[in-house]
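Peer 1: Curious how this folds, go ahead:
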Amino acid sequence: MVKHLALVLALSLASAAFVPAIGHAADGGNREAAAPTAAAAVQSEAEAPFEWEKLRAHNAVEDRASLQRGARNFMNYCIGCHSLKFMRYQRMADDLKIPSDALQANLILPGSNNLDYITTPMPPADAQAWFGKVPPDLSLIARSKSPDYLYQLFKTFYADPSRPTGTDNLAYPSLAMPAVLSELEGVKIAVFREQKNANGTVEKVFDKFQTVSPGNMTPEEYDGFVRDTVNFLDYVSEPAQVERRSMGIWIVLFLLLLSSFAWLLKKEYWKDVH
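Peer 2: Next up is the predicted model:
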């Protein structure tokens, strides 16, 4: 299984080799300046309960820069296992205003062209053998699960040696997906506490996370990374949603105006009826 996971990560890193940057990537910057902030965040994590169910994505699909960064993130870390079978490279480039030369150089996988759908290079048979199931297509995941759920998923991986992947997840227990973003977020463990129920039984409930190994990003940078990725998946789930919402305002105004004329016409027709 370790060999299999290593191969999966290698696929993701291979795709990252030709996706250098769409938007500005957080590279850690001044590590010495970031260290106290990271240490303070770790200490704060250890002291306060972590209410992960209240996490919200707060994404904005009209933020084009965020969507560009999210596209970069997806092609770096997700395309090795997951596809976007309803999205074409060219449609994505047109919507996000990505120049054709940048699209060809940075986003399109080898062997694909700009008119192809975005598919993963992982063969389904290999995915079935390694994970026990084929990783799902993510074209509609934001519509079926919601952006908030995706944000919570990316934020609640924790180390669990009893699992085949070495990790588990609070939002999706026993998830077959490994924590592919652990190099960015860091490795953390889940702390559970005992709670007595009304019937007298005792169960373990989640209390908080504790970071055991910091990642390449500060907590703030990782939050931004996840929000951009979720934002991109939200866009992919309905590429025309921004245009639909802006058009909807004018349609409602038109219907109100039409209703006013219809009411005046009705009064004119019925003015002599008693």
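Peer 1: show me what contacts the most centrally placed residue in the chain?
Peer 2: Closest residue to the average C-alpha location of the chain: Val230 at 2.9 Å, with C-alpha atoms, centre = their mean. The neighbourhood of Val230, defined by C-beta atoms under 8 Å, 6 or more residues apart in numbering, consists of Ala57, Asn59, Gly70, Ala142, Pro147, Leu150, Tyr151, Phe154. (C-beta placed from N, C-alpha, C; glycine too.)
Peer 1: Looks like the fifth one contacts Ala60 (just checking).
Peer 2: Think Pro147. No. Counting by C-beta atoms under 8 Å, Pro147 stays clear of Ala60, with 10.2 Å between them.
Peer 1: what is in contact with those two at once?
Peer 2: Asn231.
Peer 1: When those two are compared, which one has more neighbours?
Peer 2: Ranked by neighbour count (other C-beta atoms under 10 Å), Pro147 and Ala60 place Pro147 first, with 21 against 13.
Peer 1: how about the nearest residue to the more buried one, chain neighbours excluded?
Peer 2: Ala57 (4.1 Å; C-beta to C-beta, 6 or more residues apart in numbering).
Peer 1: Does that neighbour belong to a helix, a strand or coil?
Peer 2: Under the three-state scheme (DSSP: H, G, I helix; E, B strand; the rest coil), Ala57 adopts coil.
Peer 1: That one touches Tyr151, doesn't it?
Peer 2: Yes. Counting by C-beta under 8 Å, Tyr151 is a contact partner of Ala57 at 3.9 Å.
Peer 1: what is in contact with those two at once?
Peer 2: Arg227, Val230.
Peer 1: Now Tyr117: phi and psi?
Peer 2: Main-chain dihedrals, Tyr117, degrees, to the nearest 10: phi -70, psi 160.
Peer 1: Surely it and Gln90 touch.
Peer 2: No. Counting by C-beta under 8 Å, Tyr117 sits too far from Gln90 to count as a contact (10.3 Å).
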